[in-house]
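Trainee: Provide a 3D model corresponding to the input given below.
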Amino acid sequence: MTKRNKIIYWIATVWLALGMVSTAIVQLIKMEKETAMMKHLGYPIYFLTIIGIWKLLGVIAVLLPKFQLVKEWAYAGFFFAMSGAICSHIALGNLNELVPSLLLLILTVVSWYFRPADRKIVSVNS
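Mentor: Residues are numbered from 1 along each chain as shown. Sure thing, here's the model as predicted:
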């Protein structure tokens with residue numbers, strides 16, 4: 001891994017982790033704006049707790065060394081959560097609400113793409 005790729009990976013990963021932790025906290029404490037948005041999108045409020053917990057666990061998985069398969073699941077979870085949020089906002093015409101989810105989606109893809117070899121699943125052909 002080149003120094004440039006390592007820098008890109010860590011910048012994207014740290015920003016991704018900060019974004020996911022901050023939104024998880026907002027969801028777990030059920031801030032008024034967040035609960036209003038979930039109601040507006042048509043989702044039950046208890047989804048905030050589920051998504052918030054999974055985001056925190058995903059951040060831990062992405063930041064810890066080893067556990068490559070769990071990292072893949074975490075990245076996939078982040079991708080599905082953020083792309084789902086984007087689709088939900090688009091479906092209701094909330095285009096001004098797309099930026100946070102889109103940014104986290106981009107950070108997820110960049111972090112995943114530039115992750116070091118020791119954080120990737122090694123394919124063994126039999």
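Trainee: quick one, longest helix in this protein?
Mentor: Longest helix of the chain, by residue count under DSSP state H: helix 3-28.
Trainee: list the buried ones in it?
Mentor: 8-9, 12-13, 15-17, 19-21, 23-24, 27-28 (16 or more other C-beta atoms under 10 Å). Heads up, the C-betas are built off the backbone N, CA and C, glycines and all.
Trainee: nearest to Ile106 among those?
Mentor: Ala12 (8.4 Å; C-beta to C-beta).
Trainee: wouldn't the closest one be in contact with Val110 here?
Mentor: Yes. Contact criterion C-beta atoms under 8 Å: Ala12 and Val110 qualify, at 4.1 Å.
Trainee: ok so, going back, export the buried residues of helix 3-28 as CSV, with columns for pLDDT and distance to Val70.
Mentor: Shown next, in CSV, are these (pLDDT from 0 to 100; distance: C-beta to C-beta, whole Å):
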residue, pLDDT, distance to Val70
Ile8, 96, 22
Tyr9, 95, 18
Ala12, 97, 19
Thr13, 97, 15
Trp15, 98, 21
Leu16, 98, 16
Ala17, 98, 15
Gly19, 97, 20
Met20, 97, 15
Val21, 98, 17
Thr23, 95, 20
Ala24, 97, 17
Gln27, 96, 21
Leu28, 97, 21
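Trainee: want to throw the residues you listed into TSV with distance to Glu34?
Mentor: Shown next, in TSV, are these (distance: C-beta to C-beta, whole Å):
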residue	distance to Glu34
Ile8	30
Tyr9	30
Ala12	24
Thr13	24
Trp15	20
Leu16	19
Ala17	19
Gly19	14
Met20	14
Val21	15
Thr23	8
Ala24	11
Gln27	6
Leu28	10
